[in-house]
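Peer 1: build me a structure from this.
(one chain, ligands or ions: 1)
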Amino acid sequence: MNKRIIAAAVSLILLAGCAGGTKDTAVTTNTVNTVQDAQVSETEAAAPETETAETEAAEGDASAETSLSDSDAPYIYEDFTSDTAIMGRGPATAEIVDDDKASDGKALYISGRTDAWNGAQYDSEIFRGNEIEVSGSFRSGNSNVKVTIQFDILGNTTYNPIFAVKTNEDSYSKGSGKFKVPDNAENILVYIESDNTGDIYTDDISVKVVGEYKKFDKPAGLAYVDTSDYPSLKELYSEQFLIGTCINPKVIATPEYSELVKAQFSSVTCENDMKPESLLDRTESISDLDKYQESPAINFDRARDELDFARDNGIKLRAHTLVWHSQTPDWLFYKDYDTSGELADRELMLKRMENYIKSVMEWTNENYPGLIYAWDVVNEAIDDGGGIRKSLWYETIGDDYIYKAFEFARKYAPADAKLFYNDYNSYMLKKQSDILEYIRPVAEAGNIDGIGMQSHLNTDVSLSLYFIAMKRYYEELGLEIQVTELDIGRKGQDNWRDVQGEYYRDYMKRLIEAKNEGIPVTCVTVWGLSDGMSWRANELPLLFDADLSRKPAFDGMAEAAE
Ligand code: XIL
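Peer 2: Numbers count the residues shown, from 1 in each chain. Next up is the predicted model:
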């Protein structure tokens, strides 16, 4: 009973915290599962927080009234025996149902999930700046249910795991975790998701403040931290390797980011804007099939600003990527560029491959002579399950497409540009053997200069294994090595920033050792600037926080060079 009253009160607190309106009506809907419903509820619930809490509590249990009126701290407890402020996330719906396995016979049933991130969410603006402890119980077939917090800082959305719990269909599994919400966060949501799309029964959700509650009405000083006194990685490593990051339109258009890039990095890679989907122009290609059937039209509008940025600031550029199964439009592989028709045959696809590589290389060489020092010619061609990936490049050309891509790239690349094969998990034994098998003939033909080890790692990956693999690439192929997309996701909850910092430091120390032993490592590129911008944002894998504060990860990388 006590629980239920607090739950009702807190639903109102949460809603009152994020919207204005009149105080006339109470929340009456049992299920708040669409944006539209939520908006109605927000209008309905507008009392000042403590007053709402007291009013609601007074109708029920005296101890709830006391605990809430004693403190301004918001406290969510939902056993789903009364209304809830939890809403569906994405296309999912969240509704209260009878469930005899739940503590009070009621549960929140989340269904209609079509993606792992779909689920149910709370507006949690009220917790800004506070440390929270979140717990909940879940029932879902053979899954891993996660409670995550999402917020924006400076326009970047960050997703941080709070806890995860292994679940089964038959009984509820409980989990809990703590998280300190930054005081400059906006649009804060605590949400439930899982690693599959199965339905999730939820019970006994609680979110409470750890320690003294401080209320932050608005993001406190939405500002980047001053990064000008950070030691410069590119200077610290100038004797060893280029130090790179990836850039995107937001990075180059935001002075705080672009200044940091200029201060810290000696190499950049376009995160997305030199991928085939960014350069290939279907409208132009189909406008004149006589002209473009064998040579698809390209358009550099998306990449131009990033290329200008690199050139104008004297930063070298890794070009990423020419031949890839992903971020490459399907229409490229069809006759007349028409996906409702037939796949193009080998002969036509070889022509298109050659001409695409030729056009991209000629255009960049003409417009940005000398800027590009390395090309990822083929990306991720080996299947995780072993062997060559069954991509549309493979389907149309056959398994010599890797060899052919390098042959064409060598033909058109300027003499001083290095050609790379690039892949993830390239330190894993099986994948490495497959890469070696396909790349050996390319190396023998003299058409490749290096292996790109993407290096999307986490703090559990064995560095010994990783560096043995690096050495083997060099010894067996005689090629140079670049670390092309480094990010190191965290593992575990406790002390993870320090653990990650140590890992970055050890990683860089071993990289320096490898270089000193004669392995020609020439560049280390970190895949993104801040955790808020990372493609793995929920694993917080990079050197800077979203507001550009330096993390132990940055310090670890800097220390290794000293
Ligand atoms: C990622 C980008 O970071 C994302 O912005 C994009 O949505 C997907 O691609 N391997 C690669 C990179 O070679 O191109 C990928 O980059 C990450 C994995």
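Peer 1: show me which residues of the protein sit near the ligand.
Peer 2: Within the chain, the positions near the ligand by CB under 6 Å from any ligand atom are 271-272, 379, 424, 454, 485, 535. Quick note: C-beta positions are derived from backbone N, CA and C, even for glycine.
Peer 1: filter these to the buried ones?
Peer 2: By neighbour count, with 16 or more other CB atoms under 10 Å, the residues of the chain next to the ligand hold 271-272, 379, 424, 454, 485 as buried.
Peer 1: which elements pack onto the host helix or strand of residue 235?
Peer 2: Per DSSP states H and E: residue 235 is located in helix 233-236. Helices and strands touching helix 233-236, by 3 or more CB pairs under 8 Å, 6 or more residues apart in numbering; DSSP states H and E, are strand 242-247, helix 552-560.
Peer 1: so which of the buried ones among the residues of the chain next to the ligand belong to strands?
Peer 2: Within those, residues falling in strands by DSSP state E are 379, 485.
Peer 1: residues contacting the closest residue to residue 180 other than its chain neighbours?
Peer 2: Nearest residue to residue 180, sequence neighbours excluded (CB to CB, 6 or more residues apart in numbering): residue 131, at 4.4 Å. Each residue near residue 131 by CB atoms under 8 Å, 6 or more residues apart in numbering is listed here: 178-181, 209-211.
Peer 1: dump these to JSON lines, plus neighbour count, pLDDT and secondary structure.
Peer 2: Converted to JSON lines, the contacts of residue 131 look like this (neighbours: other CB atoms under 10 Å; pLDDT from 0 to 100; DSSP: H, G, I helix; E, B strand; the rest coil):
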{"residue": "178", "neighbour count": "13", "pLDDT": "92", "secondary structure": "strand"}
{"residue": "179", "neighbour count": "22", "pLDDT": "89", "secondary structure": "strand"}
{"residue": "180", "neighbour count": "12", "pLDDT": "87", "secondary structure": "strand"}
{"residue": "181", "neighbour count": "22", "pLDDT": "89", "secondary structure": "coil"}
{"residue": "209", "neighbour count": "19", "pLDDT": "95", "secondary structure": "strand"}
{"residue": "210", "neighbour count": "13", "pLDDT": "93", "secondary structure": "coil"}
{"residue": "211", "neighbour count": "8", "pLDDT": "91", "secondary structure": "coil"}
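Peer 1: tell me the pLDDT at the closest residue to residue 527 other than its chain neighbours?
Peer 2: Sequence neighbours aside, residue 485 is the residue nearest to residue 527 in space, at 4.0 Å (criterion: CB to CB, 6+ apart). Residue 485 carries a pLDDT value of 98.
Peer 1: got the buried residues for the host helix or strand of residue 432?
Peer 2: Here residue 432, judged by DSSP H and E, is contained in helix 429-444. Neighbour-count burial for helix 429-444, with 16+ other CB under 10 Å as criterion, is recorded at 431-432, 434-436, 438-439, 442-443.
Peer 1: residue 387: which of those residues is nearest?
Peer 2: Of all these, residue 434 has the smallest distance to residue 387: 6.3 Å, by CB to CB.
Peer 1: residue 382 is in contact with that closest one, correct?
Peer 2: Yes. If you go by CB atoms under 8 Å, residue 434 and residue 382 touch, sitting 4.6 Å apart.
Peer 1: what is in contact with those two at once?
Peer 2: Jointly contacting residue 434 and residue 382 under the rule CB under 8 Å, 6+ apart are residue 388.
Peer 1: so can I have JSON lines of the helices and strands packed on helix 233-236 showing distance to residue 521?
Peer 2: Output for the helices and strands packed on helix 233-236, formatted as JSON lines (distance: least, CB to CB, whole Å):
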{"stretch": "strand 242-247", "distance to residue 521": "10"}
{"stretch": "helix 552-560", "distance to residue 521": "13"}
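Peer 1: most tightly packed of those?
Peer 2: strand 242-247 (a mean of 26; mean count of other CB atoms under 10 Å).
Peer 1: which residues sit against the helix or strand following that one?
Peer 2: Going down the chain from strand 242-247, the next helix or strand is helix 249-253, by DSSP H and E. Contacts with helix 249-253, where a contact means CB under 8 Å, 6+ apart, come from 155, 257-258, 261, 273, 305-306, 309, 529, 533.
Peer 1: show me which residues of stretch 297-311 are buried.
Peer 2: 297-298, 300, 302-303, 305-307, 309-311.
Peer 1: which parts of the stretch 201-350 of the chain are strands?
Peer 2: Here the stretch 201-350 of the chain has its strands, by DSSP state E, counting those that start in this stretch, at 242-247, 267-270, 316-324.
Peer 1: same question, the stretch 351-500 of the chain
Peer 2: Going by DSSP E, counting those that start in this stretch, the stretch 351-500 of the chain shows strands at 372-379, 418-423, 450-453, 456-458, 480-489.
Peer 1: export those strands to CSV and append columns for distance to residue 321.
Peer 2: CSV is the format used below for the strands of the stretch 351-500 of the chain (distance: least, CB to CB, whole Å):
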stretch, distance to residue 321
strand 372-379, 4
strand 418-423, 7
strand 450-453, 9
strand 456-458, 15
strand 480-489, 10
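Peer 1: tell me the spacing between the closest residue to residue 531 other than its chain neighbours and residue 219.
Peer 2: Nearest non-adjacent residue to residue 531, counting by CB to CB, 6+ apart: residue 540, 4.5 Å away. To residue 219, residue 540 is 19 Å away according to CB to CB, to the nearest Å.
Peer 1: likewise residue 531?
Peer 2: 17 Å.
Peer 1: which of those two has more neighbours?
Peer 2: residue 531 (29 against 21; other CB atoms under 10 Å).
Peer 1: could I get the helix holding residue 235 in PDB with only the CA atoms?
Peer 2: This file holds the C-alpha atoms of helix 233-236, laid out as PDB (Å, rounded to 0.1, in the frame of the first residue of the first chain):
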ATOM      1  CA  LEU A 233      48.900  13.800 -28.100                       C
ATOM      2  CA  LYS A 234      50.200  14.500 -31.500                       C
ATOM      3  CA  GLU A 235      53.200  16.300 -30.000                       C
ATOM      4  CA  LEU A 236      53.800  13.600 -27.400                       C
END
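Peer 1: what are the ranges of the helices in the stretch 201-350 of the chain?
Peer 2: With helices called from DSSP state H, counting those that start in this stretch, the stretch 201-350 of the chain shows them at 233-236, 249-253, 255-264, 276-279, 282-287, 289-292, 301-312, 346-367.
Peer 1: list the buried residues for the first one?
Peer 2: For helix 233-236, the neighbour count (16+ other CB under 10 Å) marks 233-234, 236 as buried.
Peer 1: can you put those in a markdown table and add pLDDT?
Peer 2: Formatted as a markdown table, the buried residues of helix 233-236 follow (pLDDT from 0 to 100):
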| residue | pLDDT |
| --- | --- |
| 233 | 98 |
| 234 | 98 |
| 236 | 98 |
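Peer 1: read off the pLDDT value for residue 537.
Peer 2: Value for residue 537, per-residue pLDDT: 80.
Peer 1: relative to residue 153, how far out is it?
Peer 2: Separation of residue 537 from residue 153 (CB to CB): 11 Å.
Peer 1: which phi and psi does residue 154 have?
Peer 2: Main-chain torsions, residue 154, degrees, to the nearest 10: phi 50, psi 40.
Peer 1: to clarify, my last question referred to residue 398.
Peer 2: According to degrees, to the nearest 10, residue 398 has phi 110, psi -180.
Peer 1: from here on, count from 58
Peer 2: OK, 58 is where the count begins now, so the last one is residue 455.
Peer 1: okay but it is in contact with residue 404, surely?
Peer 2: No. Using CB under 8 Å as the test, residue 455 is too far from residue 404 to be in contact (11.3 Å).
Peer 1: and residue 432, bridged to which residues?
Peer 2: Here residue 432 sits in beta bridges with residue 376, residue 476, as judged by DSSP bridges.
Peer 1: number of nearby residues for it?
Peer 2: Counted with other CB under 10 Å, residue 432 comes out at 29.
Peer 1: can you pull the pLDDT of it?
Peer 2: pLDDT, residue 432: 99.
Peer 1: could you do residue 141 as well?
Peer 2: 86.
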